[in-house]
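Engineer: what's the 3D shape of this:
(one chain, ligands or ions: 1)
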Amino acid sequence: MAKKQFKAESKRLLDLMIHSIYTHKEIFLRELISNASDAIDKLYYRSLTENNTGLSREDFEIRLDINSEERILTISDNGIGMTREELESNLGTIARSGSLAFKKEKEAKDEIDIIGQFGVGFYSSFMVSSNVTVISKAYGEEQAYMWESTGSDGYTLTECDKPNYGTEIILKIKENHEDENYDEFLQEYKIRGLVKKYSDYIRYPIKMNTQQRKLKEGTEDEYETVIEDQTLNSMVPIWRKNKNEISTEEYHHFYQEKFYDFSDPAKVIHTNVEGVSTYNALLYIPGKAPYNYYTKEYEKGLQLYSSGVLIMDKCADLLPDYFSFVKGLVDSQDLSLNISREMLQHDRQLKAIASRLEKKIKSELLEMQKTEREKYEDFFKNFGLQLKYGLYDRFGANKEMLQDLVLFYSSTENKPVTLSEYVSRMKLDQKYIYYACGDSVERIERLPQTEMLKDKGFEILYFTDDIDEFAIRMLHEFDGKEFRSVSSDDLGFEESETDKEAARKEAEDYQDMFAFMKETLGDKVSEVRLSQRLKTHPVCLASSGGLSIEMEKILNAMPNDEKVKAEKVLEINAGHQVLQALKKAYESDKEKAGKYTELLYNQALLIEGVPIEDPVAFSNAICDLII
Ligand SMILES: Nc1ncnc2c1ncn2[C@@H]1O[C@H](COP(=O)(O)OP(=O)(O)OP(=O)(O)O)[C@@H](O)[C@H]1O
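Structural biologist: Numbers count the residues shown, from 1 in each chain. Below is the predicted model:
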């Protein structure tokens with residue numbers, strides 16, 4: 001059976017394409033400039049492969065011209081141009097890319113950087129123009145041609161005059177519309193901004209006659225407007241330069257301009273990778289956390305460039321959440337872009353790049369931790385919380401990546417330390433990595449629960465952020481050592497048999513009294529017992545379940561109705577006189593013993609920073625004692 005060709009209503013197809021591919025009208029300029037750059041690249045390629053062209057790289061340029069009265073914007077280039085047939089096939093056939101064909105035919109060469117591949121970019125000009133005229137003369141040809149279309153009812157192709165080879169795209173910009181402002185595409189300021197945004201790193205100069213206010217010659221305070229030919233683009237991207245050609249100031253200046261920060265970055269990471277995925281990346285770790293960093297408004301992501309053209313301003317997939325503070329950009333020729341160049345078709349290459357960047361960021365941070373400790377501590381003050389959220393996130397799946405980067409304040413070093421530094425200092429008889437939780441270092445410093453551990457010379461990590469204990473629970477252990485809260489049931493002390501026996505006997509002596517105290521407190525505590533961890537303080541609270549008292553405090557402060565309850569144990573210091581006073585009261589006056597019990601329990605809550613249930617009753621009980 002004879003095969004039939006698909007038929008397409010080209011007018012409808014064009015309309016559909018113009019209005020559905022791109023989300024931002026302004027990208028038409030990026031597309032036309034990219035085409036001009038491709039055309040120049042093709043001619044430049046020819047000059048490299050043919051000896052007698054007499055062309056050199058400096059001869060090439062792209063020009064923009066605004067005629068706001070006539071509503072005309074012109075983009076011209078002195079590239080390879082198009083013959084009649086090429087105009088017909090390239091601009092008369094939707095989705096035919098002469099550039100892709102060229103690239104395939106010539107195979108990639110270092111000096112050229114062809115951008116076009118889908119054969120649709122040109123038509124984006126109809127998003128902003130009521131009429132598009134293309135005047136083109138192919139290099140080496142005598143005759144120039146004019147292609148003209150309104151984008152809806154076909155095109156005309158006629159002979160015309162054009163002195164030099166190259167192409168001119170003349171756009172008749174649409175009239176303003178109720179909800180569309182087209183006038184802006186006739187404003188020098190806007191056009192200059194668009195070139196900077198999307199086409200700053202096109203490798204040929206993009207020139208425009210611009211109006212400049214200048215001091216009138218021979219005067220001191222008279223100004224005049226002069227027309228000056230200006231190159232609008234930077235051309236050579238800083239990240240494609242050799243590292244040793246770039247000064248720290250240059251790196252910092254670029255950062256401040258591009259990412260709107262007043263302060264210098266804490267670290268610059270510049271990497272050029274070749275291999276399975278080839279890319280350049282220039283990353284910065286900010287010196288200060290942006291004011292909205294820990295809010296929902298903060299958007300993470302790196303700028304993504306393909307062959308020097310901006311594809312995406314904030315590509316979130318390039319950064320994991322825990323490194324969301326990193327700013328910067330990635331430039332790669334290997335990306336499979338979708339037709340609008342607004343997204344990536346499938347993210348395999350992107351994933352590969354992201355995973356390498358992640359490792360690079362980690363190794364640079366570790367290096368900073370090792371060689372520039374103060375700077376690292378500053379960095380951690382800014383972004384440490386995010387790293388700790390990262391540890392907690394996804395049930396600790398990022399443990400390997402993050403556990404070496406976190407710092408906690410140390411009771412013995414009096415400064416933030418890493419987990420491996422802690423482990424390296426652990427005593428021979430020390431079973432666990434100890435930690436204590438509280439609102440501030442000063443407050444934890446005074447916690448009775450830390451007394452015995454400190455006395456034995458054990459180091460304690462102070463957890464002052466709400467997330468700390470949750471994050472560490474996800475870690476479970478570090479370097480084979482489990483974490484233990486100073487308030488937990490078992491602190492892992494090695495006790496001799498005689499000590500154990502003495503403790504057992506002592507506990508037996510108070511068994512009945514503790515049962516009485518437990519009964520008095522009801523389900524507020526799960527047990528009353530002698531303490532292993534106190535030295536001078538009379539009482540403290542310990543927790544015996546999976547949920548610590550600190551976690552209870554944090555979870556209950558969250559804005560939801562579900563309240564949780566940690567299992568609390570009231571511990572009494574065996575060496576404190578209060579125990580004898582209690583015993584005396586228990587034996588002679590049960591009512592008094594009951595009051596003492598309530599008082600001690602409330603005291604323990606206060607020390608812990610947990611609000612007491614009935615402050616009035618508590619203060620009355622103290623008054624009763626005084627009277
Ligand atoms: N200024 C120009 N000079 C020479 N040829 C051009 C010019 N502009 C467009 N062309 C030709 O027209 C073809 C179609 O252009 P169009 O912008 O629609 O697609 P493309 O650039 O190939 O691909 P993409 O859709 O990815 O941009 C190009 O491939 C190129 O061969």
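
Engineer: please report the distance of the residue nearest the centre of the chain from the ligand.
Structural biologist: Closest residue to the average C-alpha location of the chain: Ser324 at 2.1 Å, with C-alpha atoms, centre = their mean. Distance, Ser324 to the ligand, using C-beta to the nearest ligand atom, to the nearest Å: 31 Å. C-beta coordinates here come from the backbone N, C-alpha and C atoms, glycine included.

Engineer: my guess is that residue meets Gln386, correct?
Structural biologist: Yes: counting by C-beta atoms under 8 Å, Ser324 touches Gln386, with 6.5 Å between them.

Engineer: if I pick the residue nearest to the centre of the chain, what's in contact with it?
Structural biologist: Ser324 makes contacts with Tyr298, Lys300, Gln386, as judged by C-beta atoms under 8 Å, 6 or more residues apart in numbering.

Engineer: what do you get if the cut-off is 6 Å, keeping everything else the same?
Structural biologist: Lys300 (C-beta atoms under 6 Å, 6 or more residues apart in numbering).

Engineer: and for Glu372, the neighbour number?
Structural biologist: Neighbourhood size, Glu372 [other C-beta atoms under 10 Å]: 14.

Engineer: so where's the stretch 401-550 of the chain uncertain?
Structural biologist: Residues of the stretch 401-550 of the chain meeting the criterion pLDDT under 70: none.

Engineer: quick one, strands of the stretch 151-300 of the chain?
Structural biologist: Along the stretch 151-300 of the chain, counting by DSSP state E, counting those that start in this stretch, strands occupy 155-160, 166-173, 206-215, 223-231, 267-273, 279-285.

Engineer: so which of these gets nearest Val195?
Structural biologist: strand 206-215 (5.5 Å; C-beta to C-beta).

Engineer: which bits of this protein sit near the ligand?
Structural biologist: 31, 35-36, 39, 77, 79-82, 90-91, 97-100, 116-122, 167 (C-beta under 6 Å from any ligand atom).

Engineer: looking at the residues you listed, which are in helices?
Structural biologist: If you go by DSSP state H, the residues of the chain next to the ligand have Glu31, Asn35, Ala36, Ala39, Gly98, Ser99, Leu100 in helices.

Engineer: and the helices in the stretch 301-450 of the chain, which stretches?
Structural biologist: 348-371, 373-396, 399-402, 419-424, 441-445 (DSSP state H, counting those that start in this stretch).

Engineer: that should have said the stretch 51-200 of the chain, apologies.
Structural biologist: Going by DSSP H, counting those that start in this stretch, the stretch 51-200 of the chain shows helices at 84-86, 92, 98-106, 188-199.

Engineer: which one of these is the most hemmed in?
Structural biologist: Counting by mean count of other C-beta atoms under 10 Å, helix 188-199 has the highest mean neighbour count of the helices of the stretch 51-200 of the chain, with a mean of 18.

Engineer: let's see that helix as PDB, backbone CA atoms only.
Structural biologist: Output of helix 188-199 as PDB, limited to C-alpha atoms (Å, rounded to 0.1, in the frame of the first residue of the first chain):
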ATOM      1  CA  GLU A 188      17.400  50.800  24.700                       C
ATOM      2  CA  TYR A 189      17.400  50.000  28.400                       C
ATOM      3  CA  LYS A 190      15.300  46.800  28.000                       C
ATOM      4  CA  ILE A 191      17.200  45.500  25.000                       C
ATOM      5  CA  ARG A 192      20.500  46.100  26.800                       C
ATOM      6  CA  GLY A 193      19.100  44.200  29.800                       C
ATOM      7  CA  LEU A 194      18.000  41.300  27.700                       C
ATOM      8  CA  VAL A 195      21.400  40.900  26.000                       C
ATOM      9  CA  LYS A 196      23.000  40.900  29.400                       C
ATOM     10  CA  LYS A 197      20.600  38.400  30.800                       C
ATOM     11  CA  TYR A 198      20.500  35.800  28.000                       C
ATOM     12  CA  SER A 199      23.300  36.500  25.600                       C
END
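
Engineer: hang on, Lys288 packs against Ser263?
Structural biologist: Yes: using C-beta atoms under 6 Å, Lys288 makes contact with Ser263 at a distance of 5.3 Å.

Engineer: neighbour count for those two, which is higher?
Structural biologist: Lys288 (16 against 11).

Engineer: do you know how far the more buried one is from Ala316?
Structural biologist: Between Lys288 and Ala316 the computed distance is 22 Å (C-beta to C-beta, to the nearest Å).

Engineer: again with Lys388
Structural biologist: Separation of Lys388 from Ala316 (C-beta to C-beta) stands at 21 Å.

Engineer: more neighbours: which of these two?
Structural biologist: More neighbours surround Lys388 than the other of Lys388 and Ala316, with 26 against 14 (other C-beta under 10 Å).

Engineer: confirm that Lys518 sits in a strand.
Structural biologist: No: read with DSSP: H, G, I helix; E, B strand; the rest coil, Lys518 is helix and lies in no strand.

Engineer: measure the closest residue to it other than its chain neighbours to Glu400 for me?
Structural biologist: Spatially, and ignoring its direct neighbours in sequence, Lys518 is nearest to Val528 (5.0 Å; C-beta to C-beta, 6 or more residues apart in numbering). Val528 sits 42 Å away from Glu400, going by C-beta to C-beta.

Engineer: of those two, who's got more company?
Structural biologist: Per other C-beta under 10 Å, whichever of Val528 and Glu400 has more neighbours is Val528, with 23 against 9.

Engineer: tell me who's in contact with the more buried one.
Structural biologist: Phe514, Met517, Lys518, Leu570.

Engineer: which one of those is nearest Lys431?
Structural biologist: Nearest member of the contacts of Val528 to Lys431, counting by C-beta to C-beta, is Leu570, at 24.8 Å.

Engineer: the closest residue to Arg213 other than its chain neighbours and the ligand, how far apart?
Structural biologist: Leaving out its chain neighbours, the residue that sits closest to Arg213 by C-beta to C-beta, 6+ apart is Tyr223, at 5.2 Å. Distance, Tyr223 to the ligand, using C-beta to the nearest ligand atom: 38 Å.

Engineer: next, count neighbours for Tyr223.
Structural biologist: When neighbours are counted by other C-beta under 10 Å, Tyr223 comes out with 11.

Engineer: just grab the bridge partners of it for me.
Structural biologist: Leu215 (DSSP bridges).

Engineer: I'd say it and Gln212 touch.
Structural biologist: No: proximity of Tyr223 to Gln212 does not meet the contact threshold set by C-beta under 6 Å, at 9.9 Å.

Engineer: reformat the helices of the stretch 51-200 of the chain as TSV; add mean pLDDT and distance to Arg484.
Structural biologist: Shown next, in TSV, are those (pLDDT from 0 to 100; distance: least, C-beta to C-beta, whole Å):
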stretch	mean pLDDT	distance to Arg484
helix 84-86	94	76
helix 92	80	76
helix 98-106	77	62
helix 188-199	94	54
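
Engineer: of all those, which lies closest to Leu171?
Structural biologist: Nearest of the helices of the stretch 51-200 of the chain to Leu171, taken as C-beta to C-beta: helix 188-199 at 11.4 Å.

Engineer: so which elements touch that closest one?
Structural biologist: helix 27-49 (3 or more C-beta pairs under 6 Å, 6 or more residues apart in numbering; DSSP states H and E).

Engineer: how far away is the closest residue to Ile467 other than its chain neighbours from Lys190?
Structural biologist: Spatial nearest neighbour of Ile467, chain neighbours left out: Lys388 (4.9 Å); criterion: C-beta to C-beta, 6+ apart. According to C-beta to C-beta, Lys388 stands 44 Å off from Lys190.

Engineer: just Trp239 next, same as before
Structural biologist: Distance from Trp239 to Lys190, counting by C-beta to C-beta: 26 Å.

Engineer: could you do Ser420 as well?
Structural biologist: Ser420 is 54 Å from Lys190, by C-beta to C-beta.

Engineer: what do you get for Ser526?
Structural biologist: 70 Å.

Engineer: ok, now Arg504?
Structural biologist: 84 Å.

Engineer: count the residues that sit near Ser152.
Structural biologist: When neighbours are counted by other C-beta under 10 Å, Ser152 comes out with 12.
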